[in-house]
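[1] sequence and predicted structure, then a few things I'm wondering about:
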Amino acid sequence: MRILFLGDVMGRAGRAAIAGQLPELRQVLRADFCVVNGENASGGMGLTGGHAQLLLEAGADVVTLGDHAFDQRDMLSFIEKEPRVLRPMNFAKDAPGRGAGVFEASRGRRVMVAQVLGNVFMKRAFDDPFSALDAVLRAHPMGAMASVQAALVDFHAEATSEKMAAGHFCDGRASLVVGTHTHVPTGDAQILNRGTAYLTDAGMCGDYDSVIGMEKTEPLRRFVTGMSRERFSPAQQDATLCGVLVETDDRTGLAQHVWPIRHGGRLSPAMPAGA
């Protein structure tokens, strides 16, 4: 099975790129299942229900969120009625929605998708992400005759060390562990020793002529002068879709191949051979 994951959608430019390019990209890559992180798709902070629906209609089978999950207030109610939108598992237990789910891919195959938030350098401490992951992976073993044929973990975190630790913690129990949150794609796509595909950060789906997706003027002013004048606003030019594609073995759920994805915009594309 081929699973496509795309990193944080950033503002209007990211939404437009998903809506305009994802259907064709799925076809070109022969992706059986697609997960999109959408937590910055609405004005760079959070996700509205309407924009979540746009991502789903464009071809995302699941949309994950992050630390900005509920910045847009209508997500509090929307997530309760849309099971394909996931917030981090280690939010407070009374938070609306859920952090993991099992979804159907092509030919009746089942994919478990989970999201957790890291703790290192984040603005506030969340519940332990590793114990949350351990529980959900134990509950959903992979394999042809098991409950799921693949499992994907979106580890939304600041620190590369914490993301790498999560990859090794899940190795052999997940098809893919991919980091999100920093908006900068990393070059370390690999298959770990026990068969889990790993990428420290998927990057963003947004305009890279920016400062992590934000129009450059205000971030530069704050770095240079130490003072703010305006609010940040998302950059609005051509977006690059960034993420990762993994091909799994249906018998085990483990990865056979992994490719970083860079499609359109300013970044050079890196398509898998023979896609």
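    All right, it came through fine.
[2] quick one, longest helix in the chain?
    Ranked by residue count under DSSP state H, the longest helix found in the chain is helix 11-29.
[3] dump that one to PDB, keeping only the CA atoms.
    Only the C-alpha atoms of helix 11-29 are listed here, as PDB (Å, rounded to 0.1, in the frame of the first residue of the first chain):
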ATOM      1  CA  GLY A  11      -2.900  29.700   5.100                       C
ATOM      2  CA  ARG A  12      -4.600  30.400   1.800                       C
ATOM      3  CA  ALA A  13      -1.600  29.600  -0.300                       C
ATOM      4  CA  GLY A  14      -1.400  26.100   1.200                       C
ATOM      5  CA  ARG A  15      -5.200  25.500   0.900                       C
ATOM      6  CA  ALA A  16      -5.100  26.500  -2.700                       C
ATOM      7  CA  ALA A  17      -2.200  24.200  -3.500                       C
ATOM      8  CA  ILE A  18      -4.000  21.300  -1.800                       C
ATOM      9  CA  ALA A  19      -7.200  22.000  -3.600                       C
ATOM     10  CA  GLY A  20      -5.500  22.400  -7.000                       C
ATOM     11  CA  GLN A  21      -2.800  19.800  -6.900                       C
ATOM     12  CA  LEU A  22      -3.600  17.000  -4.400                       C
ATOM     13  CA  PRO A  23      -6.000  15.100  -6.700                       C
ATOM     14  CA  GLU A  24      -3.400  14.900  -9.500                       C
ATOM     15  CA  LEU A  25      -0.600  14.200  -7.100                       C
ATOM     16  CA  ARG A  26      -2.400  11.300  -5.500                       C
ATOM     17  CA  GLN A  27      -2.900   9.800  -9.000                       C
ATOM     18  CA  VAL A  28       0.700  10.400 -10.100                       C
ATOM     19  CA  LEU A  29       2.100   8.800  -6.900                       C
END
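[4] just the C-alphas of whichever helix or strand comes after that helix, formatted as CSV.
    Once the chain leaves helix 11-29, the next helix or strand it forms, by DSSP states H and E, is strand 33-37. What follows is strand 33-37, C-alpha atoms only, in CSV (Å, rounded to 0.1, in the frame of the first residue of the first chain):
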residue,chain,number,x,y,z
PHE,A,33,-4.3,6.7,1.4
CYS,A,34,-3.6,10.3,2.2
VAL,A,35,-3.2,12.2,5.5
VAL,A,36,-2.8,16.0,5.6
ASN,A,37,-1.8,18.1,8.6
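[5] now find how far off-centre strand 33-37 is within its chain.
    7 Å (CA atoms, centre = their mean, to the nearest Å).
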